[in-house]
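Enquirer: I would like the atomic coordinates for the input below:
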Amino acid sequence: MKWTWVLVAVLLSFGALSLGKESLDFPEYDGKDRVHDLNAKNYKSVMKKYDIMVVYYHDHPGSSRVAQRQFEIEELALELAAQVLDEFDDEDIGVGLIDAKLDKAVAKKLGIDEPDSIFIFTDDEVIEYDGELAADTLVEFIYDVIEDPVEIIDNSKELKGFENVEEDIKLVGYFKSHKSEHFEAFADAAEEFHPHIKFFATFNAKVAKALELKLNDVDFYEPFIDDPVLIPGKPYSEDELVKFIEDNDRPTLRKLQPHNMYEIWGQHIVIVSYLELFDFDCDLPLQTSDGFEFLEILKQVAEDNTDNPDLSIVWIDPDDFPLLLPHWEKTFGIDLSHPQIGVVDADDADSVWLDMDDGEDMPSADELEDWIEDALSGEIDPDDDDDDDDDDDDDDDDDDDDDDDDDDDDDDDDDDDDDDDDDDDDDDDDEDDDDDDDDDDDDDDDDDDDDDDDDDDDDDDDDDDDDDDDY
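Expert: Presented below is the predicted three-dimensional model:
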């Protein structure tokens, strides 16, 4: 009987292991076409079928094989996203394509005009997705779109969750109830920025006290900044809240993430900091790694400069973008195994980087502020990188000119040597005609001498040529 129980236990163990593996299987494309090609004839009827419609407005791939293969990869990512979203029960979510060349009129009717962009159509909002075209990132963003624009904080656990949100702009307000006209204005403003900006509200007096909020107050938090700004002029209308957010929607420090990478990188010139928080090859505790140390310095600099509208620091964790690591290191000439900070022109990738001695010489907050002030004043200019490239080109041109001159000199020397040899041969022939047969021995001696002289001349010429080549 005991053996029976052991056998059953082992079978159950293997069964659980098998079930566990199946539950972790990533979805694979099943071959079913779910992505719609939208055109003037069908776009209205197709979009009516869904509560939410995801539209990729893409450039026409044309006849280029590379462009066609790239579009196939993008279409496959959308098919996989559509397959996952098809299993979502709460909302009917569709995915469609609009060709910028063939169906430009459809895009115009839908109010979209920027090719290579993804737009999400909900009941009354059009949300632009500025992230990576990858199935997992897109699906995660759409799940955020589905969530309510305002998250309610009702207890200490939810308050802790609110406090842990530090990578995004967030607002929190204290209102009497859901039916309050001031909360309704707050919720309407939230829809304008959802899901890019996080909105929280509480109707709980204890939570409001912990947040130091009075009735109808709304606090505005920058990313990575502990102390909020109380929006002035309460009670607020929707338009007043929207205007304040638009005026302050350029955080001092923010993180580049897969779902917002093109929005943030779209700025003209940005101060970029690469730092990796979790270095598993490091012997030190994670909280004492260079990444954590430098992030704390950046936070302090951001805290001290929140009133500077010109300062915007973008933090990039290399672990979030593994496919871009070689490109960044090659383009900027930096080693991303250590923290880096530099000024980057997003238009042409010109850059200047602070020398931190491979992470061994970490700057203080004051030193970093001084360097940033030089960057903002123009003393540190990424366009200086162009000047260096021009100097290198000039040096290359000078080297080419020198090589050409050397070649010309070598050719001239060779021609002169050939002329001298010809003259010597003519003189030898004349002497041979005038001399008697008795002088043959002398002629032979002369010929030998001439040959020796010619050999010596040739050796000298070769030495001269070698010297020219060495030069």
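Enquirer: CA only for contacts and neighbour counts going forward, please
Expert: Fine.
Enquirer: so where's the stretch 151-300 of the chain shaky on pLDDT?
Expert: Counting by pLDDT under 70, the stretch 151-300 of the chain contains low-confidence ranges at 266-269, 277-289.
Enquirer: Please enumerate the helices of it.
Expert: Assigned helices in the stretch 151-300 of the chain, in chain order: 156-163, 181-193, 205-210, 238-247, 261-265, 290-304 (criterion: DSSP state H, counting those that start in this stretch).
Enquirer: Make CSV out of these and add mean neighbour count and distance to D130.
Expert: Below are the helices of the stretch 151-300 of the chain laid out as CSV (neighbours: other C-alpha atoms under 10 Å; distance: least, C-alpha to C-alpha, whole Å):
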stretch, mean neighbour count, distance to D130
helix 156-163, 13, 25
helix 181-193, 20, 14
helix 205-210, 15, 34
helix 238-247, 15, 18
helix 261-265, 16, 5
helix 290-304, 19, 25
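Enquirer: CSV for those, including distance to D124?
Expert: Output for the helices of the stretch 151-300 of the chain, formatted as CSV (distance: least, C-alpha to C-alpha, whole Å):
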stretch, distance to D124
helix 156-163, 27
helix 181-193, 9
helix 205-210, 31
helix 238-247, 16
helix 261-265, 22
helix 290-304, 36
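Enquirer: Identify whichever of those lies nearest to K109.
Expert: Of all those, helix 181-193 sits nearest to K109, with 21.1 Å by C-alpha to C-alpha.
Enquirer: The helices of the stretch 151-300 of the chain: which one's closest to E222?
Expert: helix 290-304 (9.5 Å).
Enquirer: same for that closest one, what does it pack against?
Expert: strand 253-255, helix 365-377 (3 or more C-alpha pairs under 8 Å, 6 or more residues apart in numbering; DSSP states H and E).
Enquirer: Those: lowest mean pLDDT?
Expert: Mean pLDDT is lowest for helix 365-377 out of those, coming in at a mean of 88.
Enquirer: My read is that E184 contacts H178, right?
Expert: Yes. If you go by C-alpha atoms under 8 Å, E184 and H178 touch, sitting 7.4 Å apart.
Enquirer: Need the helices and strands packed on helix 290-304 in a markdown table (columns: mean neighbour count and distance to W353).
Expert: Output for the helices and strands packed on helix 290-304, formatted as a markdown table (neighbours: other C-alpha under 10 Å; distance: least, C-alpha to C-alpha, whole Å):
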| stretch | mean neighbour count | distance to W353 |
| --- | --- | --- |
| strand 253-255 | 23 | 18 |
| helix 365-377 | 16 | 10 |
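Enquirer: Could you check how far K48 is from I271?
Expert: 44 Å (C-alpha to C-alpha, to the nearest Å).
Enquirer: One more: K41?
Expert: The gap separating K41 from I271 is 47 Å, by C-alpha to C-alpha.
Enquirer: Who has more neighbours out of these two?
Expert: Applying other C-alpha atoms under 10 Å to K41 and I271 shows that I271 carries more neighbours, namely 21 against 9.
Enquirer: contacting residues around that one?
Expert: Each residue near I271 by C-alpha atoms under 8 Å, 6 or more residues apart in numbering is listed here: 312-314, 341-344.
Enquirer: Repeat the analysis, applying 7 Å as the threshold.
Expert: Contact analysis of I271 by C-alpha atoms under 7 Å, 6 or more residues apart in numbering lists 312-314, 342-344.
Enquirer: which other residues reach stretch 189-200?
Expert: By C-alpha under 7 Å, 6+ apart, the residues outside stretch 189-200 that reach it are 144-145, 149-153, 168-173, 238, 241-242.
Enquirer: what distance separates the start and the end of it?
Expert: First-to-last residue span, stretch 189-200, C-alpha to C-alpha: 12 Å.
Enquirer: what's the offset of that stretch from the middle of its chain?
Expert: Its chain's C-alpha centre and that of stretch 189-200 lie 25 Å apart, by C-alpha atoms, centre = their mean, to the nearest Å.
Enquirer: Kindly report the same for stretch 244-251.
Expert: Centroid separation for stretch 244-251 versus its chain: 23 Å, with C-alpha atoms, centre = their mean.
Enquirer: what's the span of it from first residue to last?
Expert: 13 Å.
Enquirer: Stretch 166-175 too?
Expert: 23 Å.
Enquirer: what sits up against that stretch?
Expert: 183, 197-203, 208, 213-224, 254-255.
Enquirer: Can you say which of those residues are buried?
Expert: 183, 197-203, 208, 213, 215-224, 254-255 (16 or more other C-alpha atoms under 10 Å).
Enquirer: residues near Q70, how many?
Expert: Look at Q70: counted by other C-alpha under 10 Å, it has 13 neighbours.
Enquirer: Drop anything exposed from the contacts of stretch 189-200.
Expert: Buried, going by 16+ other C-alpha under 10 Å: 145, 149-153, 168-173, 238, 241-242, out of those.
Enquirer: Okay, strands next: where are they in the stretch 301-450 of the chain?
Expert: With strands called from DSSP state E, counting those that start in this stretch, the stretch 301-450 of the chain shows them at 313-316, 340-345, 351-353.
Enquirer: any chance of those strands in CSV, with distance to F88 and mean neighbour count too?
Expert: Shown next, in CSV, are those (distance: least, C-alpha to C-alpha, whole Å; neighbours: other C-alpha atoms under 10 Å):
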stretch, distance to F88, mean neighbour count
strand 313-316, 32, 21
strand 340-345, 41, 23
strand 351-353, 44, 21
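Enquirer: closest to L76 out of the ones you listed?
Expert: strand 313-316 (27.6 Å).
Enquirer: Centre of the chain to the closest one, how far?
Expert: 11 Å.
Enquirer: Give the rounded mean pLDDT of it.
Expert: Average pLDDT, strand 313-316: 92.
Enquirer: Just the CA trace of it, in CSV.
Expert: Output of strand 313-316 as CSV, limited to C-alpha atoms (Å, rounded to 0.1, in the frame of the first residue of the first chain):
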residue,chain,number,x,y,z
ILE,A,313,17.4,64.3,-18.2
VAL,A,314,16.5,60.9,-19.8
TRP,A,315,17.5,57.8,-17.9
ILE,A,316,18.0,54.7,-20.0
